[in-house]
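Enquirer: Could you look at this predicted model? Sequence included:
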Amino acid sequence: MGEDRDVGPHVHVWERPEVVVSRWVLTGVEPIRMVVHHEVGGWSVVCGTVDSPDELVGMPLSWLRDRRDVGHLVTSLAPGRMVTRDDVLEDWVEEDAPADA
């Protein structure tokens, strides 16, 4: 990913990210609708509206762990699993993550 860089107010991209996050989630434009704990150990946190890799930014694991809404997933979601929801008022639905996720 290259050097650490700022991509907007209060958003800093990490050179060696542990979590890949939608820019729309980071800026509060969209809610989190999917969290994937990849089989290799990394995480993805997206809103479901990402159309381009340019809309994803890297963050440290502490960003995910410190969130009140999804931080608990760091200790409860096994590698190779994911949770999804269509709306923030809905419960998370847990399932196997696709092999290419």
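Expert: Looks like it arrived, so ask away.
Enquirer: so who does residue 95 touch?
Expert: Residues near residue 95 by Cβ atoms under 8 Å, 6 or more residues apart in numbering: 81-84. No exception for glycine: its C-beta is placed from N, CA and C like everyone else's.
Enquirer: List the neighbouring strands of the helix or strand hosting it plus their orientation.
Expert: Remark: residue 95 resides in strand 93-96, with elements defined by DSSP states H and E. Sheet neighbours of strand 93-96, with direction, are listed as strand 81-84 (antiparallel) (DSSP bridges).
Enquirer: Residue 54 belongs to a strand?
Expert: No - secondary structure assignment (DSSP: H, G, I helix; E, B strand; the rest coil) places residue 54 in helix, not in a strand.
Enquirer: neighbours around it, how many?
Expert: Using other Cβ atoms under 10 Å, residue 54 has 8 neighbouring residues.
Enquirer: who are the neighbours in contact with it?
Expert: Taking Cβ under 8 Å, 6+ apart as the criterion, residue 54 is in contact with no other residue.
Enquirer: what does the one 10 residues further on give?
Expert: The contact partners of residue 64, taken as Cβ under 8 Å, 6+ apart, are 18-19, 35, 43, 45, 70-71, 73-74.
Enquirer: ok, those vs residue 96, which is closest?
Expert: The shortest approach to residue 96 among those belongs to residue 35, at 13.6 Å (Cβ to Cβ).
Enquirer: shouldn't the closest one be in contact with residue 70?
Expert: Yes - under the contact definition of Cβ atoms under 8 Å, residue 35 touches residue 70, with a separation of 5.7 Å.
Enquirer: Find residues that contact each of these two.
Expert: Counting by Cβ under 8 Å, 6+ apart, the shared contacts of residue 35 and residue 70 are 45, 64.
Enquirer: Counting neighbours around each, name which of these two comes out higher.
Expert: More neighbours surround residue 35 than the other of residue 35 and residue 70, with 25 against 17 (other Cβ under 10 Å).
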